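Novice: Turn this into a model:
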Amino acid sequence: MKFGITPASTCNYLPDQDEQILVFMSETPPTKIDYDLLISAGFRRSGTQVYRPHCSACNACEPIRLPVSEFVPSKSQKRIIKRNQDLRILISETDKPEYYPLYETYINQRHNDGSMYPATLEQYQGFILSPWDSALFIEMYINDELIGVAVTDNLPSSLSALYTFFAPKQQQRSLGTFAILQQIELAKSLNKPLLYLGYQIDSCQKMSYKQNFLPHERFFDNKWQLITKKTG
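Specialist: Presented below is the predicted three-dimensional model:
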């Protein structure tokens, strides 16, 4: 495997820091087995790009994953499950045309200060889709209305939560947290022992919700370490 390092640039999550990214650069794309190995070493994908933070002066980004058999929902998470018990949940193995309009509305209304704004179909496809990966799409419906989609990579020994988008008018349902709870149940049903959640950044409010899933493991000092309580 070959890797490259990007030049330093302003961090999207911590604006007072510079970021550098270690990028998978091999001539042939990774297989799902390769990606399963890479993600166990702290990597993640965006579209076809596989990367890991490699910042010289900051180690705030910590890969985080859940051993799903050990997860215990909190009281607030149980309330979120109850709040959304009227939803109909379906699983798709393919991208569908109705996903993008929901994604566009979500990005343009909730993340219009971020690097993904303004949303375009090309940007959506470049971020979500990958020819070497098999993603699952968890659909959330009220009656026949699609109100949310959680995209999760289906790997040989794990699931990896890639992105969740939903109708902004449904924000009171806490669908981001609900989507993770659904992916935990999906991982159990598929006999996948781990659910990867990307990166936890304690000092970034947008990322703080991930630490509410306990117990979880974080990758630092070159190994996965068990965390049993919130750190921030």
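Novice: rest of the way, CA atoms for contacts and neighbours
Specialist: Noted.
Novice: so Ala167 makes contact with Leu102?
Specialist: Yes: here Ala167 reaches Leu102: they are 6.4 Å apart, a contact under Cα atoms under 8 Å.
Novice: and for the two, which residues touch both?
Specialist: In terms of Cα atoms under 8 Å, 6 or more residues apart in numbering, Ala167 and Leu102 are both contacted by the residues 147-148.
Novice: From Asn84, how far off is Ile147?
Specialist: To Asn84, Ile147 is 12 Å away according to Cα to Cα, to the nearest Å.
Novice: Please apply the same query to Glu70.
Specialist: In terms of Cα to Cα, Glu70 sits 23 Å off from Asn84.
Novice: so Tyr199 sits in a helix?
Specialist: No: the assignment for Tyr199, made by DSSP: H, G, I helix; E, B strand; the rest coil, is strand rather than a helix.
Novice: and Val151, that one's in a strand?
Specialist: Yes: under three-state DSSP, Val151 falls within a strand.
Novice: Can you report phi and psi for the residue nearest to it when sequence neighbours are not counted?
Specialist: Nearest non-adjacent residue to Val151, counting by Cα to Cα, 6 or more residues apart in numbering: Phe137, 4.7 Å away. With angles defined as degrees, to the nearest 10, Phe137 sits at phi -120, psi 110.
Novice: picking up where we left off before, tell me which of Glu70 and Asn84 has more neighbours.
Specialist: Taking other Cα atoms under 10 Å, Glu70 and Asn84 do not tie; Asn84 has more neighbours (15 against 11).
Novice: wait, isn't the more buried one in contact with Arg173?
Specialist: Yes: in this structure, Asn84 is within contact of Arg173 by Cα under 8 Å, at 6.7 Å.
Novice: Low-confidence bits of this structure, can you list those?
Specialist: Low-confidence segments of the chain (pLDDT under 70): 231-232.
Novice: and with 80 instead?
Specialist: Confidence mapping of the chain against pLDDT under 80 gives the ranges 114, 205-208, 231-232.
Novice: Just give me the neighbour total for Pro15.
Specialist: 10.
Novice: how close does it get to Gly114?
Specialist: 12 Å.
Novice: can you check Pro30 too?
Specialist: Taking Cα to Cα, one finds Pro30 at 29 Å from Gly114.
Novice: same question, Ser189
Specialist: 35 Å.
Novice: Specify which residue of those two has the higher count of neighbours.
Specialist: Higher neighbour count among Ser189 and Gly114: Gly114, with 12 against 9, using other Cα under 10 Å.
Novice: does that one belong to a helix or a strand, and which?
Specialist: Using DSSP states H and E, Gly114 maps to neither a helix nor a strand.
Novice: got the contact list for it?
Specialist: For Gly114, the contacting residues are Asn12, by Cα under 8 Å, 6+ apart.
Novice: quick one, phi/psi of it?
Specialist: Torsion angles, degrees, to the nearest 10, at Gly114: phi -110, psi 180.
Novice: can you check Gln211 too?
Specialist: Torsion angles, degrees, to the nearest 10, at Gln211: phi -70, psi -10.
Novice: is it true that it touches Arg218?
Specialist: No: Gln211 is not in contact with Arg218 according to Cα under 8 Å; the separation is 9.8 Å.
Novice: Touching, Tyr163 and Ala150? I think so.
Specialist: Yes: with contact defined as Cα under 8 Å, Tyr163 and Ala150 form a contacting pair (6.0 Å).
Novice: Now do the strands in this structure.
Specialist: Counting by DSSP state E, the chain has strands at residues 3-5, 9-10, 18-19, 21-24, 44-46, 49-53, 62-67, 88-92, 135-142, 145-155, 158-166, 194-200, 216-220, 223-227.
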